[in-house]
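Student: Sequence first, then the predicted structure, then my questions.
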Amino acid sequence: MFATIKSDGCGKIVASMSLPAPHVALADEGDTLMVELGEILSNNLQELRSKLFPPNSQKGLRSFSCAEAARLIGVSDAYLRQISLEGKGPELETTPTGRRLYTLRQINEIRELLDVGGGARRYVKRRRDSEKLQVIAVSGFKGGIGKTIHSAHLAQYLALQGYRVLAIDLDPQGSLSTMFGYHTETEVQPNESLYGALRYDDERVQIEEVIRESYFDGVFFVPSSIHLMEFEHATAVNRGVKGKTPFYKALRVMLDRVEENFDFVIFDCPPQLGYLTLSALCAATTVIIPCHPQMLDVSSTSQYLLMAGDLLAVFRDFGLVLKYDAFRFLVTRFEPTDLPQQQMDTLMRRLCGEHVLKNAMLKTTAISDSSLSKQTLYEVERTSFSRSTYDRAIAAMNAVNSEIEELLLAVWGRKA
């Protein structure tokens, strides 16, 4: 045992570590050593996870106050209370003090109710038949730049606005799957992950069989697993084999089966330029590149773009010409008081112009602290942090996501 779990009294989980006894009989051979060290880490981390998050625990989304629900729907508090007093809409939970609480599902039910009247204003924002599915690839060469964190927050933000979102974890490490409450090592079998819908052999399943409904109403999810690495290996063997779907079309063909059920698809790509990432870039209509405003990170991003561009250009010979509706850099972990970061941010904006999102995601302890309990800023209680810390973080996150929403709506010819 090496974890002690306690609460800090503000709703935050604190884990203090006590190290296990050192392992004294490790193998000399490199491959065996890797396996032994991997097992040591895996077993102990699994024990820690079981303490923090018991196997029978399920992630859930908090309820929203009347003011929060009204803001999400786009009506006044008074009007929302009137709907409830008239006995319309769902039956609500009330606190001992009489405050009404709304689940996200109930908020969406009220949106549907308000749209029945057929007025000029639309409360249900789903795409119309003439509007194409928007596929957003969140991609980058480096780990730790906020790619997974922002994929999760963007998916949840869009769901909070009332859209139907499919989030797909393309990273074999499964970080996004963990954010959505899955222990990929123990809970996701090969054919229960994205790998099952991409594999080349006879055990392949349809995408519908691996899509899961999440605890976050409006977000559906396809988990990853380490078995996705097999797709990289198998693609090298099956490239050009007659009767096999070319890897660069794999995700697009897969989405064609279910696109009528969703408004947005979000790919969380692995931090590498393998077949999975290239397939995502070929299927995407919008690409978001998170980038930390420091010299090494920007240099890595430039190399990533040069390599990706060269690789994608090859597909022109096969008749695939990529035209993105939007391509944007997202400045992440930005510290406005850091002069070198300010300079690099200014340089990126001067060189790349409109291809850099106007809003940057600030560096904040609220994200790192909420990640300890596998939560996003949209899931944690405001009381888990100091008011100023939370408000600053959620304001920055909402500004970034609303700007992305505006880009996507503009493709449909709508205004936010």
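Tutor: Cool, the structure landed.

Student: switch to C-alpha atoms for all contacts and neighbour counts from now on
Tutor: Fine.

Student: ok, longest helix in this structure?
Tutor: What stands out as the longest helix in the chain, according to DSSP state H, is helix 387-411.

Student: Let me know whether Y157 touches N401 as I believe.
Tutor: Yes. Here Y157 reaches N401: they are 6.9 Å apart, a contact under Cα atoms under 8 Å.

Student: related to what we said a few turns ago, name the helices or strands packed onto the longest helix of the chain?
Tutor: Contact partners of helix 387-411 among helices and strands, from 3 or more Cα pairs under 8 Å, 6 or more residues apart in numbering; DSSP states H and E: helix 147-160, helix 365-372.

Student: Make a markdown table from the ones you listed and add distance to G89, mean pLDDT and mean neighbour count to it.
Tutor: Output for the helices and strands packed on helix 387-411, formatted as a markdown table (distance: least, Cα to Cα, whole Å; pLDDT from 0 to 100; neighbours: other Cα atoms under 10 Å):
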| stretch | distance to G89 | mean pLDDT | mean neighbour count |
| --- | --- | --- | --- |
| helix 147-160 | 18 | 96 | 23 |
| helix 365-372 | 32 | 80 | 17 |
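
Student: ok, back up a step: report the buried residues of the longest helix of the chain.
Tutor: By 16 or more other Cα atoms under 10 Å, the buried positions in helix 387-411 come out as 390, 393-394, 396-402, 404-405, 407-409.

Student: neighbours around L311, how many?
Tutor: 12 (other Cα atoms under 10 Å).

Student: now F231
Tutor: F231 has 22 nearby residues by other Cα under 10 Å.

Student: so it is in which element?
Tutor: According to DSSP states H and E, F231 maps onto helix 228-238.

Student: Determine the set of other helices and strands touching whichever helix or strand comes after that helix.
Tutor: Toward the C-terminus, helix 228-238 is succeeded by helix 247-256 as the next helix or strand (DSSP H and E). Where contact means 3+ Cα pairs under 8 Å, 6+ apart, helix 247-256 is packed against helix 194-198, helix 275-283.

Student: Output these in CSV, with distance to S370, mean pLDDT and mean neighbour count appended to each entry.
Tutor: Below are the helices and strands packed on helix 247-256 laid out as CSV (distance: least, Cα to Cα, whole Å; pLDDT from 0 to 100; neighbours: other Cα under 10 Å):
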stretch, distance to S370, mean pLDDT, mean neighbour count
helix 194-198, 26, 92, 25
helix 275-283, 28, 93, 23
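
Student: Can you convert these into CSV and add a column each for distance to F180?
Tutor: Formatted as CSV, the helices and strands packed on helix 247-256 follow (distance: least, Cα to Cα, whole Å):
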stretch, distance to F180
helix 194-198, 15
helix 275-283, 20
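
Student: Specify the residue ranges that define each domain of this protein.
Tutor: Here the domain parsing of the chain from automatic domain parsing is 64-115, 134-411.

Student: Out of these, which gets nearest to R128?
Tutor: Closest approach to R128 among the domains of the chain (Cα to Cα): domain 134-411, 9.0 Å.

Student: And the closest one, how far out from the chain middle?
Tutor: 6 Å (Cα atoms, centre = their mean, to the nearest Å).

Student: now do the same end-to-end measure for that domain.
Tutor: 9 Å (Cα to Cα, to the nearest Å).

Student: Could you export stretch 365-375 as PDB, CA atoms only?
Tutor: What follows is stretch 365-375, C-alpha atoms only, in PDB (Å, rounded to 0.1, in the frame of the first residue of the first chain):
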ATOM      1  CA  THR A 365      -3.900  25.300 -10.900                       C
ATOM      2  CA  ALA A 366      -7.700  24.700 -11.200                       C
ATOM      3  CA  ILE A 367      -7.100  22.300 -14.200                       C
ATOM      4  CA  SER A 368      -4.200  20.400 -12.600                       C
ATOM      5  CA  ASP A 369      -6.100  20.000  -9.300                       C
ATOM      6  CA  SER A 370      -9.400  18.900 -10.900                       C
ATOM      7  CA  SER A 371      -7.500  16.400 -13.000                       C
ATOM      8  CA  LEU A 372      -6.400  14.600  -9.900                       C
ATOM      9  CA  SER A 373     -10.000  13.400  -9.500                       C
ATOM     10  CA  LYS A 374     -10.400  12.900 -13.300                       C
ATOM     11  CA  GLN A 375     -12.700  15.900 -13.600                       C
END
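
Student: Please enumerate residues in contact with it?
Tutor: For stretch 365-375, contacts defined as Cα atoms under 8 Å, 6 or more residues apart in numbering pick out 13, 52, 178-181, 376-377, 380, 385, 389-390, 393.

Student: Flag the least confident of those.
Tutor: In terms of pLDDT, the lowest of the contacts of stretch 365-375 is I13, showing 42.

Student: how close does the closest residue to T364 other than its chain neighbours get to L305?
Tutor: Among residues not flanking T364 along the chain, A393 sits closest, at 6.3 Å (Cα to Cα, 6 or more residues apart in numbering). Going from A393 to L305 by Cα to Cα gives 29 Å.

Student: what does the longest helix of the chain contact?
Tutor: For helix 387-411, using Cα under 8 Å, 6+ apart, the contacting residues are 134, 153-154, 157-158, 325-326, 357-362, 364-367, 377-378, 382, 415-416.

Student: how does it look with 7 Å?
Tutor: 154, 157, 325, 359-362, 364, 366, 377, 382, 415-416 (Cα atoms under 7 Å, 6 or more residues apart in numbering).
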